[in-house]
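K.L.:
Here's a sequence, model it:
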Amino acid sequence: DRADSKRQTLIKKRVSFIWDIHRYNIDTFVNVKNGPILLLVESHKKTDDIVLPEFVQLIREVTGLPDYTSYILSKIDWYIPEEDEEYLELALNKSFSENTS
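P.N.:
I've put the predicted structure just below:
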């Protein structure tokens with residue numbers, strides 16, 4: 001058997017849309033702990049030149065970070081990196097306080 005017993009096939013829900021000539025894919029990993037949600041942008045522009053739609057809340061840019069490759073996310077025991085738990089907590093607290101003010 002060639003399958004890696006420490007990894008799983010990733011299952012994700014994908015929502016796609018086009019905004020300002022860019023194609024966006026929002027991937028929610030449904031069988032990964034805490035269900036990370038990643039936004040992928042297909043564009044001919046450099047990353048720094050892309051302006052996200054105002055309805056998208058970016059918590060952290062993870063382009064090129066190994067913790068967010070499909071290979072790493074497929075680990076059965078994957079967990080969100082500690083640094084990103086802090087980003088997520090700050091973003092959720094900010095969102096909560098804006099919605100209750």
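
K.L.:
So which elements touch the one helix or strand residue 85 maps to?
P.N.:
Using DSSP states H and E, residue 85 sits in helix 82-100. Helix 82-100 sits against no helix or strand, with contacts defined as 3 or more C-beta pairs under 8 Å, 6 or more residues apart in numbering; DSSP states H and E. No exception for glycine: its C-beta is placed from N, CA and C like everyone else's.

K.L.:
quick one: average pLDDT of that helix?
P.N.:
Average pLDDT, helix 82-100: 77.

K.L.:
Next, the residues that contact that helix from outside, please.
P.N.:
57, 59-60, 67, 80 (C-beta atoms under 8 Å, 6 or more residues apart in numbering).

K.L.:
Now for the chain, the helix or strand with the poorest mean pLDDT.
P.N.:
Lowest on mean pLDDT, DSSP states H and E among the helices and strands of the chain sits helix 82-100, with a mean of 77.

K.L.:
Now that helix: buried residues?
P.N.:
In terms of neighbour count (16 or more other C-beta atoms under 10 Å), helix 82-100 has its buried residues at residue 84.

K.L.:
ditto for stretch 5-23
P.N.:
7, 12, 22.

K.L.:
Show me these that map onto strands.
P.N.:
12, 22 (DSSP state E).
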